[in-house]
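**Student:** fold the stuff below for me.
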Amino acid sequence: MKLIISGSEAKARTGSLETSRGTIHTPAFMPVGTQGTVKAMSPRELQEIEAEIILCNTYHLYLRPGSEIIHRLGGLHEFIHWDRPILTDSGGFQVFSLSSLRKIREDGVEFRSHIDGSLHFLGPQKAMEVQGMLGSDIAMAFDECTPYPAEHEYAARSLELTTKWARQCKEYLEAQEDKTRGLTSLFGIVQGGMYKELRKRSLEELAEIGFDGYAVGGLSVGEPKEEMYGIIEYLAPLLPADMPRYLMGIGDLGDMLVAVENGFDMFDCVMPTRNARNGTLFTSAGRISIKRTEFKDDAAPLDQDCDCYTCRNFSRAYLRHLFMAKEILAMRLNTIHNLRFYLNFFRKMREAIAAKTFGQFKAHWGGIFGQDI
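**Tutor:** Below you'll find the model as predicted:
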């Protein structure tokens, strides 16, 4: 895996990430396919809207249908019929979210399945084993996601576990390299809560181990925006300049603009797909709720500036009708649009950085979406 920077404006940068399954143009947004599917979308539709990479989740696929089954059936790409890159989250965040069902140990996390209550264990070696069976192109090191708020002592202890587990992930991958199936790159995850000195320490320890890319986790977990932005602005210039920088779980357009302005390259979030299923759509004029009565007899397309299948073929009135009638097609058409909007947004952002007009781009979209960014 190689990151090639082709343009920049101040700290913002654009380029490409070369993988064995294709090129990822950065800054990049990864649609989330938690259980091996981006909800309401087929792989062909994802290709049609020009998704270059998707994210799938180790925790969920390990529990159902099972990583061994996926491995026997040819790996995750074959299983879901997707021939472009896949990044797999290690499962650390999902285990973190199961606070009432898990117990953190020195060697990993014991937890009960949210599906049937069965007892399982996930640690650095298991996380790497599962991701190897899945055959992901980018694997994430197993980490402990620090909650918010967290006392300094807890955040420091969490950081220690994350570093220890990251080292074990790297060692396991190197020892088992010939046994993994298509696993090519490993990213470390910087933790440390809202404490800048802990974040710096985490990054330094991970850099000493050595990874193919560096992610920042433990943000957008309940902290105020100003605290999140403070960590983004502090950490970005400390991350290795010649490697991909991944801000995990951040999908708000304003937040991503701030992160790109500071030099981050990769993002993922369920925001466009979840909002689509709830009837909230992103357009060049801002967010709209398709449920509103004003759209009942509106013959206009959802977004005149969007080239997606939804906007080319259907009126706002029809989209509202489908949603109010609880038709499955509503979720599909809404999701096609929201994801296409996000991917177009990132394409235009890359073009703006290359043209050195990112400042105007950021100001324009901040005004449309009503955020002081």
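
**Student:** now A12: how far from Q94?
**Tutor:** 31 Å (CB to CB, to the nearest Å). Using the backbone N, CA and C atoms, a C-beta is placed for each residue, glycine as well.

**Student:** and if you look at V258?
**Tutor:** With the distance defined as CB to CB, V258 ends up 26 Å from Q94.

**Student:** re the thing from before, who's more crowded, A12 and Q94?
**Tutor:** Each of A12 and Q94 has its neighbours counted (other CB atoms under 10 Å); A12 has more, 24 against 21.

**Student:** relative to P27, how far out is the more buried one?
**Tutor:** 8 Å.

**Student:** which residues do these two both contact?
**Tutor:** V260, I353 (CB atoms under 8 Å, 6 or more residues apart in numbering).

**Student:** next structured bit after whichever strand or helix holds R347?
**Tutor:** Here R347 is covered by helix 328-354, with elements defined by DSSP states H and E. Read in the C-terminal direction, the helix or strand following helix 328-354 is helix 358-368, with elements assigned using DSSP H and E.

**Student:** how about that following helix: buried residues?
**Tutor:** Under the neighbour-count criterion of 16 or more other CB atoms under 10 Å, helix 358-368 has F358, F361, K362, W365, G366 buried.

**Student:** I'd assumed L87 was in contact with N57.
**Tutor:** No: counting by CB atoms under 8 Å, N57 does not reach L87; the two are 10.0 Å apart.

**Student:** more neighbours: which of those two?
**Tutor:** Applying other CB under 10 Å to N57 and L87 shows that L87 carries more neighbours, namely 24 against 21.

**Student:** per-residue pLDDT of the most centrally placed residue in the chain, please?
**Tutor:** Nearest to the centroid of the C-alpha atoms of the chain, with distances taken as CA atoms, centre = their mean, sits D268, at 2.0 Å. D268 is assigned a predicted lDDT (pLDDT) of 98.

**Student:** need the contact list for S284.
**Tutor:** S284 makes contact with D303, Q304, D305, C306, I368 under the criterion CB under 8 Å, 6+ apart.

**Student:** let's see that with 7 Å instead.
**Tutor:** D303, D305 (CB atoms under 7 Å, 6 or more residues apart in numbering).

**Student:** looking at the chain, which residue reaches furthest from the middle?
**Tutor:** Here the chain has its C-alpha centre computed as a mean, and the residue farthest from that point, by CA atoms, centre = their mean, is D297 with 36.6 Å.

**Student:** give me the neighbour count for K296.
**Tutor:** Other residues near K296 number 11, with proximity taken as other CB under 10 Å.

**Student:** quick one: the strands in the stretch 51-200 of the chain?
**Tutor:** Counting by DSSP state E, counting those that start in this stretch, residue ranges of the strands within the stretch 51-200 of the chain are 54-57, 86-89, 102-105, 108-112, 119-122, 138-140, 185-190.

**Student:** single out the most deeply packed of the ones you listed.
**Tutor:** Burial of the strands of the stretch 51-200 of the chain is given as mean neighbour count (mean count of other CB atoms under 10 Å); strand 138-140 ranks first at a mean of 29.

**Student:** which one is I336 nearest to, not counting chain neighbours?
**Tutor:** Here the nearest residue to I336 in space, its sequence neighbours aside, is T310; by CB to CB, 6 or more residues apart in numbering that works out to 5.1 Å.

**Student:** to clarify, my last question referred to Y195.
**Tutor:** Spatial nearest neighbour of Y195, chain neighbours left out: A155 (5.5 Å); criterion: CB to CB, 6+ apart.

**Student:** distance of the residue nearest to the centre of the chain relative to M248?
**Tutor:** Distance from D268 to M248, counting by CB to CB: 7 Å.

**Student:** hang on, A352 packs against G359?
**Tutor:** No: contact status for A352 versus G359: not in contact, 8.6 Å apart, counting by CB atoms under 7 Å.

**Student:** joint contacts of the two?
**Tutor:** With contacts taken as CB under 7 Å, 6+ apart, not a single residue reaches both A352 and G359.

**Student:** so where's the chain uncertain?
**Tutor:** Regions of the chain meeting the criterion pLDDT under 70 cover residues 177-183, 370-373.

**Student:** rerun at 50
**Tutor:** Segments of the chain classed as low confidence (criterion: pLDDT under 50) are 181-182, 372-373.

**Student:** mind giving me the domain ranges of it?
**Tutor:** Described in terms of automatic domain parsing, the domain architecture of the chain consists of the residue ranges 2-269, 276-359.

**Student:** I4 should be in a strand, yeah?
**Tutor:** Yes: I4 sits within a strand when classified using DSSP: H, G, I helix; E, B strand; the rest coil.

**Student:** from the contact counts, what lies against whichever strand or helix holds the residue nearest to I336?
**Tutor:** Mapping T310 onto the secondary structure by DSSP H and E places it in helix 309-313. With contacts defined as 3 or more CB pairs under 7 Å, 6 or more residues apart in numbering; DSSP states H and E, the secondary structure elements packing on helix 309-313 are helix 328-354.

**Student:** so which bits of the helix it packs on are buried?
**Tutor:** Per 16+ other CB under 10 Å, helix 328-354 contains these buried residues: 330-346, 349-350, 352-354.

**Student:** which helices and strands does that helix pack with?
**Tutor:** Secondary-structure packing of helix 328-354 (3+ CB pairs under 7 Å, 6+ apart): strand 2-9, strand 12-19, strand 28-30, helix 271-277, strand 280-283, helix 309-313, helix 316-324, helix 358-368.
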